[in-house]
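1. Pasting the sequence and the predicted coordinates here, then a few questions.
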Amino acid sequence: MKKNKMTSNLKSLKALSEASRCAEEYISKIRERRVSPSPLDLSELERLNSSLPHKGQEAQQVIAELHHYASPATVASTGGRFFGLVVGGSTPAAMGASILNAAWDQVAVLESSAPSAVYLERIAAQWLLQLLELPEESSVGFTTGSSMANMVCLAAARNHQYEKLGIDLAKKGLAGAPPLRIIVSEESHVTVHKALSILGIGTDQLVKAPCDNQGRVLVGSFPELDETTIVCLQAGNVNSGHFDPFEEIIPRAKAAGAWVHVDGAFGLWAAASPRQRYLTAGVALADSWTVDGHKWLNTPYDCGVAICREARAVHRVMTTQAPYLLSGVQVPPKDMVPEFSRRARGVEVWAAIQEMGCEGVANLVERCCDFARQFADGLANLGFEILNEVVLNQVVASINDESALQQIVGIVQEEGVCWFGTTVWRDRMALRLSVSSWATTAEDITLSLDSIRRAMEQVLEFKE
Ligand SMILES: *Cc1c(COP(=O)(O)O)cnc(C)c1O
């Protein structure tokens with residue numbers, strides 16, 4: 001017993017201290033290094049690709065090798081100048097908590113398998129509902145991301161709507177069931193379509209609600225609603241950052257007997273800011289909501305949240321035992337999400353909120369919005385056309401010459417001061433910036449704008 005304790009504990013301790021040394025070195029240099037890896041960094045990855053090892057290695061050595069070859073080939077998303085996709089960093093407490101969480105290695109199936117972790121997830125769940133101003137009776141499930149959270153909520157919506165038709169999907173299955181009416185926004189995120197498809201709802205079944213030039217569904221031409229309808233709205237368009245008009249659409253949809261789901265992967269965080277909250281007005285009237293921890297709350301990957309007003313609708317779909325009718329948050333975690341075994345990702349949500357408080361979360365959201373504004377103004381000064389009204393953390397900007405735009409983005413990515421990509425917005429090729437990290441500063445925006453200016457000069461000079 002004693003000998004075993006010595007060897008197994010010692011090995012873990014050595015690996016941990018090596019990991020901690022490497023992670024510290026990584027973080028201490030994150031702001032000085034290139035944001036995207038250099039071609040050399042990428043080619044060095046090959047060193048990790050040996051033939052399947054026959055004999056093992058010391059854990060410490062494994063970690064050191066990982067750090068040496070894989071750390072340089074990361075994108076510096078925790079450094080403050082990565083503006084691609086919608087990617088947050090990781091707050092200090094959340095990052096630290098994820099290391100402790102790894103040491104605990106709890107399986108968040110039941111309270112008995114992960115007492116403190118499940119307890120912390122329940123507190124985090126209540127805090128999330130309060131921060132986002134959503135109904136306190138809602139169920140909260142921690143998923144890998146909004147993709148899976150969308151699926152959880154839409155599965156609950158589907159089964160609930162069929163139940164009203166007297167069809168118990170869990171028993172009868174979809175075969176032979178009449179189709180539901182599924183209304184998505186023309187601008188719904190691709191993962192909403194994916195979730196619906198997994199749930200047996202194909203693209204031909206979707207009724208698309210047309211949008212205005214900011215990507216908001218148009219109230220006047222919203223499709224007809226009935227009691228078999230599921231409506232998918234959006235809080236935070238992935239390009240423009242805009243919100244559907246919840247106050248106008250949701251009461252109408254509810255009155256018709258529709259289920260309203262809101263995909264708020266990052267945008268729902270606007271509700272945590274007194275200044276930005278006007279954008280989510282009416283959102284709490286919906287039936288279910290999706291939000292990510294790993295985007296704007298800046299928890300580590302992976303962490304999404306599936307929130308559903310009628311907790312039982314989720315539990316009935318996700319339960320892994322005989323029918324029961326427990327309600328509220330006392331339902332075991334395995335009955336709120338598709339996974340049985342999973343990591344206790346709510347622990348990092350607890351840590352991030354504990355660290356920032358309501359004020360800190362509001363400040364994070366507002367800071368990112370201010371920086372997006374700073375980006376937009378700077379880009380406009382450089383001669384860019386800003387294609388979206390910048391109301392949140394997203395900026396979509398373009399110039400008339402598409403090939404020049406692509407060259408500019410390529411040069412900026414190669415220079416490595418910052419990173420962002422391109423998109424197509426309302427039929428126009430554009431650059432797309434998302435400011436979502438707690439680590440971003442006003443100076444980061446200035447440095448990034450300087451990099452864009454240099455790239456522009458280079459491209460336009462070359463053209464002359
Ligand atoms: C990112 C995003 C998703 C998908 O979320 P994941 O966490 O990447 O699974 C869904 N909807 C919107 C609006 C998003 O921005």
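-> Nice, thanks for sending it over. Residues are numbered from 1 along each chain as shown.
2. Just give the closest residue to the residue in the stretch 251-400 of the chain positioned nearest to the ligand, not the sequence neighbours.
-> Checking the stretch 251-400 of the chain residue by residue against the ligand with Cβ to the nearest ligand atom singles out A265 as nearest, at 3.2 Å. For every residue, glycine as well, the C-beta is placed using N, CA and C. Using Cβ to Cβ, 6 or more residues apart in numbering and skipping residues adjacent in sequence, the residue nearest A265 is S146, 3.8 Å away.
3. for the one you found, what are its contacts?
-> Going by Cβ atoms under 8 Å, 6 or more residues apart in numbering, S146 touches H189, T191, D263, A265, T290, V291, D292, K295, G304.
4. Repeat the analysis, applying 6 Å as the threshold.
-> S146 is in contact with A265, T290, D292, G304, counting by Cβ atoms under 6 Å, 6 or more residues apart in numbering.
5. Repeat that for I182.
-> Counted by Cβ under 6 Å, 6+ apart, I182 has contacts I201, Q205, L206, I230.
6. Name the SS class of V305, please.
-> Here V305 is recorded as strand under DSSP: H, G, I helix; E, B strand; the rest coil.
7. Any idea what it is bridged to?
-> Per DSSP bridges, the residues bridged to V305 are F142, V291.
8. Roughly how far does the residue of the stretch 251-400 of the chain closest to the ligand sit from M336?
-> Here A265 is placed at a distance of 18 Å from M336 (Cβ to Cβ, to the nearest Å).
9. And E414, by the same measure?
-> From E414 to M336 the distance is 44 Å (Cβ to Cβ).
10. neighbour-wise, which of those two wins?
-> Neighbours were counted for E414 and for M336 using other Cβ atoms under 10 Å; M336 has more, 25 against 12.
11. Per-residue pLDDT of L110, please?
-> Listed pLDDT for L110 reads 86.
12. try K334
-> For K334, pLDDT reads 88.
13. Distance of it relative to T319?
-> In terms of Cβ to Cβ, K334 sits 8 Å off from T319.
14. residues in the stretch 251-400 of the chain within reach of the ligand, list them.
-> The stretch 251-400 of the chain comes close to the ligand at residues D263, A265, F266, D292, G304, as judged by Cβ under 6 Å from any ligand atom.
15. go again using 8 Å as the cut-off
-> Proximity of the stretch 251-400 of the chain to the ligand, by Cβ under 8 Å from any ligand atom, involves residues D263, G264, A265, F266, G267, T290, D292, H294, K295, D302, G304.
16. Output those residues in a markdown table, with secondary structure and pLDDT appended to each entry.
-> Compiled in a markdown table, these are given as follows (DSSP: H, G, I helix; E, B strand; the rest coil; pLDDT from 0 to 100):
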| residue | secondary structure | pLDDT |
| --- | --- | --- |
| D263 | strand | 98 |
| G264 | coil | 98 |
| A265 | coil | 98 |
| F266 | coil | 98 |
| G267 | helix | 98 |
| T290 | strand | 98 |
| D292 | strand | 98 |
| H294 | coil | 98 |
| K295 | coil | 98 |
| D302 | coil | 97 |
| G304 | strand | 98 |
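17. which pair in these spans the largest distance?
-> Greatest spatial distance in those: G267 and D302, 18.9 Å, computed using Cβ to Cβ.
18. of the two, who's got more company?
-> Counted by other Cβ under 10 Å, G267 and D302 do not tie: G267 has more neighbours, with 30 against 16.
19. you'd agree that one is up against G236?
-> Yes - assessed by Cβ atoms under 6 Å, G267 is found in contact with G236 at 1.7 Å.
20. In the stretch 351-464 of the chain, where is pLDDT below threshold?
-> 462-464 (pLDDT under 70).
21. how about the residue of it found nearest the ligand, phi and psi?
-> Closest approach between the stretch 351-464 of the chain and the ligand, counting by Cβ to the nearest ligand atom: S434, at 8.8 Å. The phi/psi pair for S434 (degrees, to the nearest 10) reads phi -130, psi 120.
22. show me the contacts for the residue of the stretch 51-200 of the chain found nearest the ligand.
-> Of the residues in the stretch 51-200 of the chain, the one nearest the ligand is G145, at a distance of 2.6 Å by Cβ to the nearest ligand atom. By Cβ under 6 Å, 6+ apart, G145 lies in contact with D292, D302, G304.
23. quick one: contacts for T422?
-> V409, L431.
24. so it sits in a helix?
-> No - applying three-state DSSP, one finds T422 to be strand, outside a helix.
25. Can you spell out which residues form a bridge with it?
-> Bridge pairing for T422 - DSSP bridges - gives L431.
26. State the distance from it to I250.
-> 34 Å.
27. for S197, same thing?
-> In terms of Cβ to Cβ, S197 sits 25 Å off from I250.
28. Comparing these two, which residue is more hemmed in?
-> I250 (22 against 14).
29. Okay, buried residues for the host helix or strand of that one please.
-> Applying DSSP states H and E as the criterion places I250 in helix 246-255. Buried residues in helix 246-255, counted by 16 or more other Cβ atoms under 10 Å: F246, I249, I250, A253, K254.
30. A19: neighbour count?
-> When neighbours are counted by other Cβ under 10 Å, A19 registers 19.
31. residues touching it, list them.
-> I63.
32. P245 too?
-> Counting by Cβ under 6 Å, 6+ apart, the residues that P245 touches are V219.
33. make it 10 Å
-> D212, R216, V217, L218, V219, F222, L233, A281, G282 (Cβ atoms under 10 Å, 6 or more residues apart in numbering).
34. Scan those and report the most crowded one.
-> V217 (29 neighbours).
35. Which helix or strand lies directly C-terminal to the top helix by length along the chain?
-> Determined from DSSP state H, the single longest helix within the chain is helix 346-381. Sequence-wise, the next helix or strand downstream of helix 346-381 (DSSP H and E) is strand 385-386.
36. Given that next one, what are its sheet partners and their directions?
-> Strand 385-386 has these strand partners (DSSP bridges): strand 394-398 (antiparallel).
37. Please export the C-alpha coordinates of the strand it pairs with as PDB.
-> Written as PDB, here are the backbone C-alpha positions of strand 394-398 (Å, rounded to 0.1, in the frame of the first residue of the first chain):
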ATOM      1  CA  GLN A 394     -18.700  41.600 -33.900                       C
ATOM      2  CA  VAL A 395     -17.400  43.600 -36.800                       C
ATOM      3  CA  VAL A 396     -17.800  42.800 -40.500                       C
ATOM      4  CA  ALA A 397     -15.900  45.000 -42.800                       C
ATOM      5  CA  SER A 398     -15.000  45.100 -46.500                       C
END
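38. Could you tell me the angle between that strand and helix 346-381?
-> Orientation check (axes from the mean of the first three to the mean of the last three Cα atoms, to 10 degrees): strand 394-398 against helix 346-381 gives 30 degrees.
39. from the middle of its chain, how far away would strand 394-398 be?
-> 20 Å (Cα atoms, centre = their mean, to the nearest Å).
40. same deal with stretch 277-290?
-> Its chain's C-alpha centre and that of stretch 277-290 lie 17 Å apart, by Cα atoms, centre = their mean.
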